[in-house]
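K.L.:
pasting a predicted model and its sequence here:
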Amino acid sequence: MVPFVWSDGCLRHEPEAEIWIGTRTPATEVPQRARAIREALLEGGAQEVSSAAHDDAALLAVHDPALVEFLRTAWDDWSAATLPSDRVVPYVFARSGLTSGRAPAVPTAVWARAGLFAYDTMTLIGPGTWEAARAAVDVALTAVDLVAGDGPIAYACCRPPGHHVTRSLYGGSCYLNNTAVAAAALLARVDGPVAVVDIDAHHGNGTQEIFFGRGDVLTASVHVDPGAGWFPHFLGFTAENDDANLNLPLPPGTGDDGWLTAVRDAATFAAPARALVVALGVDAAAGDPESPLEVTAAGYREAGAILGELGLPTVVVQEGGYDLGTIGPLVVETLTGLAR
Ligand SMILES: [Zn+2]
């Protein structure tokens with residue numbers, strides 16, 4: 001079994017809710033997700049490795065320092081202001097069209113500041129959010145250390161997820177882009193390009209944006225077609241494809257056959273790389289409440305095998321997956337396929 005990295009710190013983020021299409025709905029990105037995965041891994045005999053603290057170098061290689069500083073201080077500032085909401089929720093957004101392209105002012109009002117960095121209303125910040133997001137970065141970086149050392153594969157059992165976070169904006173239940181941080185850290189250690197293959201049900205828009213146009217990190221994403229009405233709505237289309245970016249949008253209802261064909265295409269695209277990051281969302285599984293894809297457990301195992309056949313040093317970073325009854329077994333299936 002693939003070794004996995006764990007930190008109790010990842011459990012500290014309790015979003016409680018999302019403000020989704022104007023309504024406060026219960027959060028689905030809950031600490032129990034990580035606990036369920038860990039339980040399944042230990043049952044499967046996987047070796048647990050404790051996360052080690054890392055400095056901000058890899059984090060700041062992919063994120064605007066202003067975003068990192070906002071996330072670090074947002075809850076303390078919000079709670080000190082004794083506001084009516086028990087979570088940081090943006091209400092006004094600093095869109096570029098608002099200021100004729102000028103940099104927007106930093107609001108003096110604490111309750112307006114989130115609008116500089118959030119791109120949706122469903123990604124709430126509370127006590128422990130920063131600590132958990134930063135712990136997830138350390139988990140990903142510890143997995144990179146394992147692969148750079150003994151290798152060949154390590155799994156970062158972390159949350160909150162990260163692949164929707166761009167260089168300077170958070171959203172999509174994500175705060176810091178763990179996958180991108182892992183890719184940047186690997187890039188510093190291997191001679192040649194790194195690939196990210198994102199098999200979460202949703203487009204890895206943040207990772208795409210961070211590395212877009214660079215060429216040293218190849219990004220491929222297999223996801224439900226945003227044009228069919230799915231997050232992140234504004235991107236994730238084939239029109240964004242170039243030599244270093246491959247989007248493979250799939251219609252709702254796609255099962256193993258179509259999904260695995262796309263995973264094979266993503267693997268072929270990643271083959272020239274010297275190291276691989278797999279952004280592992282298991283929300284493409286049939287029965288997951290957050291996506292209309294219909295992938296089976298056997299499909300996830302086969303996806304793991306396809307990516308494992310590349311024979312690259314591989315860091316697997318946990319992204320989505322919201323069915324608490326199956327999230328653990330689906331991760332185990334994927335890692336089993338990878339290590340085959
Ligand atoms: Zn997802």
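P.N.:
That came through, no problem. Keep in mind that this is a model prediction, so the values were computed, not measured.
K.L.:
residue contacts, the residue in the stretch 201-340 of the chain that the ion sits nearest to?
P.N.:
The minimum distance from the stretch 201-340 of the chain to the ion, using CB to the ion, falls at Gly320 (2.9 Å). Bear in mind the C-beta positions are built from the backbone N, C-alpha and C, glycine included. By CB atoms under 8 Å, 6 or more residues apart in numbering, the contact set of Gly320 is Glu29, Pro161, Ser173, Asp200, Ala201, His202, Gly281, Val282, Asp283, Glu290.
K.L.:
again with Leu324
P.N.:
Val30, Gln32, Arg33, Ala36.
K.L.:
correct me if wrong, but Gly321 is in a helix.
P.N.:
No: using DSSP: H, G, I helix; E, B strand; the rest coil, the assignment for Gly321 is coil, not a helix.
K.L.:
show me the contacts for it.
P.N.:
Contacts of Gly321 (CB under 8 Å, 6+ apart): Arg33, Gly281, Val282, Asp283, Ala285, Asp288, Ile327, Leu330, Val331.
K.L.:
for the closest residue to it other than its chain neighbours, helix, strand, or coil?
P.N.:
Once flanking residues are discounted, Gly321 sits nearest to Val282: 3.6 Å by CB to CB, 6 or more residues apart in numbering. At Val282 the chain is in coil, as set by three-state DSSP.
K.L.:
and the contacts of Leu324, which is closest to Ala143?
P.N.:
Of all the contacts of Leu324, Arg33 has the smallest distance to Ala143: 17.5 Å, by CB to CB.
K.L.:
any idea how far the closest one is from Ala27?
P.N.:
10 Å (CB to CB, to the nearest Å).
K.L.:
quick one, helices of this protein?
P.N.:
Secondary structure of the chain by DSSP state H: the helices cover 31-43, 57-62, 65-80, 110-113, 129-148, 178-187, 205-211, 256-270, 297-308, 327-338.
K.L.:
go through the ones you listed and pick out the most buried.
P.N.:
Among those, the stretch with the highest mean neighbour count (mean count of other CB atoms under 10 Å) is helix 178-187, at a mean of 30.
K.L.:
is that helix in proximity to the ion?
P.N.:
No: Helix 178-187 stays clear of the ion (CB under 5 Å from the ion), getting no nearer than 12.0 Å.
K.L.:
just the C-alpha atoms of that helix, please, in PDB.
P.N.:
What follows is helix 178-187, C-alpha atoms only, in PDB (Å, rounded to 0.1, in the frame of the first residue of the first chain):
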ATOM      1  CA  ASN A 178      -2.300  22.000  -2.000                       C
ATOM      2  CA  THR A 179      -2.000  20.300  -5.400                       C
ATOM      3  CA  ALA A 180      -0.300  23.400  -7.000                       C
ATOM      4  CA  VAL A 181       2.000  23.700  -3.900                       C
ATOM      5  CA  ALA A 182       3.000  20.000  -4.300                       C
ATOM      6  CA  ALA A 183       3.700  20.600  -8.100                       C
ATOM      7  CA  ALA A 184       5.900  23.600  -7.400                       C
ATOM      8  CA  ALA A 185       7.800  21.800  -4.700                       C
ATOM      9  CA  LEU A 186       8.400  18.800  -7.000                       C
ATOM     10  CA  LEU A 187       9.400  21.200  -9.800                       C
END
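K.L.:
tilt between it and helix 129-148?
P.N.:
If you take axes from the mean of the first three to the mean of the last three CA atoms, to 10 degrees, helix 178-187 sits at 40 degrees to helix 129-148.
K.L.:
by contact count, what packs against helix 178-187?
P.N.:
In terms of contacts (3 or more CB pairs under 8 Å, 6 or more residues apart in numbering; DSSP states H and E), helix 178-187 is packed against helix 57-62, helix 129-148, strand 194-198, helix 205-211, strand 217-224, strand 275-280, strand 314-318.
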